[in-house]
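Trainee: Below are the sequence and a predicted model for it; my questions follow.
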Amino acid sequence: MRSKSLMTLAVVVTLSEAAVMRTHSPFENFVEVIVEEESTLVQSTAESWPCEVRSWVRAPDLAPSGTFPAQARLALNGSACGDVVGWQVGLRYKERAIIKKKSTTVEFPVKPEWNSSQQYQSVDWNDIYVVNGGMRYMDNHGEEMNRYNEALQNPKLWDIHGVERNVFDITQDLPLESNGDMTFVDAVVPFFVHVPDINLPPMEENCFRCLGAGSDGEILNAETLFEYYHLVTLANGTVLDVPAGRSGFLPSSRKLPIEDRAYGAWPSEMSFTSPRNATSKASDNPRDWMEFGRNAPACDADGFAKFKMQIISGYTPAIQGQNMTINLLISRTGNGTEYPAYLDVKQTNERNITWAHNYIESEEAYDKITGVVSSPRRRRWMQGGREAGRMLVVKPQSVLEKDRDGKINAARGSVFTFDDGVMPWNGGDFRYDFGFDQGSDESYEVAVEVPIHYNALPPYETTFEAIKANLVFTLHTKFRCQLDEFEKETRQALESHVASEDEEWTEYQLPQQASSKRNMILEHYLEVPIDILLSSDNSGGDVEVKSYLDPESLAPILSTTSTRPAHYPKIGSELRKEGVDELRKSRFGASDNERRRKGRGSGRHTQWEANGGGGWAHAAKLWQSYVEKRRLQEDKTGSFVIQA
């Protein structure tokens with residue numbers, strides 16, 4: 001719904017269609033599922049209703065086998081709010097995936113070429129009548145591109161597949177009380193969430209790279225929606241669906257939903273991917289203009305060095321919020337003058353939309369559709385759609401203190417710091433300097449201490465994708481022959497310089513460098529999969545529970561009492577084909593929620609209102625604020641009791 005003073009109502013039309021869905025591991029139980037289900041097509045009308053509706057829920061993050069107190073807040077303001085006759089609080093968990101590929105049965109339009117020679121034609125720049133520097137704008141090219149882009153919107157050019165799994169969608173009626181004046185209502189009602197023995201995956205805080213987009217219009221995306229919402233019923237039977245906040249989940253650490261947990265030992269000796277392995281053959285990649293020049297200086301053209309790494313310390317899993325210490329042996333083989341200069345180590349997560357491999361024939365095709373650039377020389381800047389975000393959890397005390405101190409320092413004009421308290425070198429969480437200028441060896445023993453973020457995502461699998469945790473090692477190398485050349489040229493410049501008498505009576509300055517050449521630096525990459533254990537604050541215990549990927553697992557229940565129910569419903573395990581009007585790049589993201597919740601402003605820059613409801617807020621962070629503020633009252637009253 002749109003929470004603005006004049007809210008647009010909706011007419012709901014139902015459609016019925018049958019869909020045949022295909023998928024593969026880890027959702028093998030649902031291969032060839034045929035679903036016949038009603039979907040909704042929402043059409044806006046010109047009718048308006050003068051009542052502003054805002055919704056919130058605050059509740060701790062959920063976990064297996066628990067009962068969790070929560071509070072729902074509904075705020076109504078407007079002359080027509082008397083039309084509201086009831087409301088419910090709901091909690092839903094949905095997943096979806098969508099892929100858009102070029103059709104192989106039709107011919108695509110030809111993209112117009114940019115001819116820069118036409119724009120910069122020879123002109124007399126000194127002509128008194130020439131304006132704007134003689135720039136000639138290619139209006140024809142712009143018109144051709146508009147026609148080309150319009151032609152690409154032809155649905156016949158694309159094969160599009162969208163699918164959704166509704167894991168559960170539960171509601172609970174809540175009382176609507178007022179003092180007789182329904183023009184302003186602010187109701188806060190407690191309720192409880194009862195979670196059975198089920199393990200859901202951890203939620204992502206933000207997913208900026210969920211959407212993979214290739215350079216030629218192909219799209220791949222997978223999304224998860226785990227949110228509270230309110231259903232507000234009007235006297236005429238209209239039901240408004242109002243987002244009220246996101247929920248996180250703290251899974252059991254014993255059995256996260258992941259199929260291949262082959263951890264417990266480090267890989268054997270591993271080789272770094274070298275940019276010098278790339279050939280200079282022609283490529284049709286439109287980003288090749290961003291490539292560097294030669295991948296080695298002329299003085300090392302006949303040399304070639306390879307670099308390997310071995311983890312010589314015992315295997316230990318990483319733990320959220322703690323440093324991970326490992327010992328490395330980095331060795332160099334081959335000839336030439338290329339040697340290590342420094343090493344960056346960073347913990348990342350890699351996303352693999354496994355469902356998409358039903359429609360993609362190769363890993364190269366997957367990289368292309370997700371926008372991943374395979375060249376290691378561009379990889380640092382363009383990781384494409386493979387990187388996952390952070391886990392949606394409340395901030396621990398140490399992080400809250402750091403945030404507070406950071407605001408104080410910012411107000412005092414102090415140096416900007418990152419969330420880990422120090423500015424990372426070259427984008428890495430850890431950096432080791434080999435002392436390249438002091439000498440070079442054939443092997444190096446390195447102790448690495450990588451900070452693992454408090455909200456780092458552990459490895460897990462969902463219905464449509466798999467998340468893997470990695471340590472990414474970036475070895476930066478330099479060439480000693482360049483250093484030798486530079487020292488030689490500098491020495492020769494000093495020896496050949498004859499100072500005048502006047503120069504002897506000036507302030508001292510460093511002599512002019514004989515060469516402005518900078519040492520070439522190459523980046524070599526290596527990824528090592530790791531296991532990340534949940535911290536005690538983020539773990540839902542160490543109990544054996546069923547994964548939600550098991551179709552026999554059970555769904556939560558909402559109620560107004562803390563008594564746990566004796567029976568729970570089964571989760572939804574069927575995959576539903578999305579309707580034509582549901583085939584969107586994103587349906588569960590923040591921007592989609594903004595449209596549903598705000599509806600203010602115009603164009604792409606929608607105005608966010610300071611108090612527009614809790615639609616995209618983290619319900620557990622609101623609960624944390626509620627608990628901590630009341631904890632402060634303990635100092636005054638001597639008692640501290642949290643009530644739902």
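Mentor: Yep, that arrived.
Trainee: Could you list the domains of the chain?
Mentor: Domain ranges of the chain: 6-93+169-252+571-601+610-637, 270-278+295-493+515-533, per automatic domain parsing.
Trainee: burial measure for the closest residue to residue 570 other than its chain neighbours, as a count.
Mentor: Residue nearest to residue 570 in three dimensions, not counting chain neighbours: residue 554, with 6.1 Å by Cβ to Cβ, 6 or more residues apart in numbering. In short, each C-beta sits where N, CA and C put it, glycine included. By the measure other Cβ atoms under 10 Å, the count of residues near residue 554 is 19.
Trainee: Surely residue 554 touches residue 566?
Mentor: No. If you go by Cβ atoms under 8 Å, residue 554 and residue 566 don't touch, sitting 11.8 Å apart.
Trainee: residues shared between the contacts of these two?
Mentor: Here residue 554 and residue 566 have no joint contacts, going by Cβ atoms under 8 Å, 6 or more residues apart in numbering.
Trainee: The stretch 101-250 of the chain: helices as residue ranges?
Mentor: 116-119, 139-151 (DSSP state H, counting those that start in this stretch).
Trainee: For the first one, give the mean pLDDT please.
Mentor: Averaged across helix 116-119, pLDDT comes to 58.
Trainee: again, but for the last one
Mentor: The predicted model gives helix 139-151 an average pLDDT of 84.
Trainee: And the contacts of it?
Mentor: Against helix 139-151 from outside (Cβ under 8 Å, 6+ apart): 109-112, 114-115.
Trainee: cutoff 6 Å now
Mentor: 109, 111-112 (Cβ atoms under 6 Å, 6 or more residues apart in numbering).
Trainee: quick check, nearest of those to residue 49?
Mentor: Residue 49 lies nearest to residue 109 out of those, by Cβ to Cβ, at 44.5 Å.
Trainee: Which residue comes closest to the closest one once chain neighbours are left out?
Mentor: Nearest non-adjacent residue to residue 109 (Cβ to Cβ, 6+ apart): residue 151, at 4.4 Å.
Trainee: Tell me how far the one you found lies from residue 369.
Mentor: 21 Å (Cβ to Cβ, to the nearest Å).
Trainee: more neighbours, those two?
Mentor: Neighbour count, other Cβ under 10 Å: between residue 151 and residue 369, residue 369 has more, with 25 against 12.
Trainee: how about that one, secondary structure?
Mentor: With DSSP: H, G, I helix; E, B strand; the rest coil as the basis, residue 369 sits in helix.
Trainee: Does it touch residue 220 like I think?
Mentor: Yes. Assessed by Cβ atoms under 6 Å, residue 369 is found in contact with residue 220 at 5.0 Å.
Trainee: hmm, back to that, deepest of the helices of the stretch 101-250 of the chain, which one?
Mentor: A comparison of those by mean neighbour count, using mean count of other Cβ atoms under 10 Å, puts helix 139-151 on top with a mean of 12.
Trainee: picking up where we left off before, what sits in contact with each of residue 369 and residue 220?
Mentor: Shared contacts of residue 369 and residue 220, counting by Cβ under 6 Å, 6+ apart, come down to nothing at all.
Trainee: Can I get the helices of the stretch 101-250 of the chain in JSON lines including distance to residue 58?
Mentor: Below are those laid out as JSON lines (distance: least, Cβ to Cβ, whole Å):
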{"stretch": "helix 116-119", "distance to residue 58": "57"}
{"stretch": "helix 139-151", "distance to residue 58": "45"}
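Trainee: so which of those helices gets nearest residue 440?
Mentor: With Cβ to Cβ as the criterion, residue 440 lies closest to helix 116-119 of these, at 44.8 Å.
Trainee: re the thing from before, contacting residues for the residue nearest to residue 570?
Mentor: Residue 554 neighbours (Cβ under 6 Å, 6+ apart): 196, 198, 568.
Trainee: out of those residues, which are inside strands?
Mentor: If you go by DSSP state E, the contacts of residue 554 have residue 198 in strands.
Trainee: And the next helix or strand past the helix or strand where residue 529 lies?
Mentor: Here residue 529 is covered by strand 522-530, with elements defined by DSSP states H and E. Scanning forward in sequence from strand 522-530 by DSSP H and E, the next helix or strand is strand 532-533.
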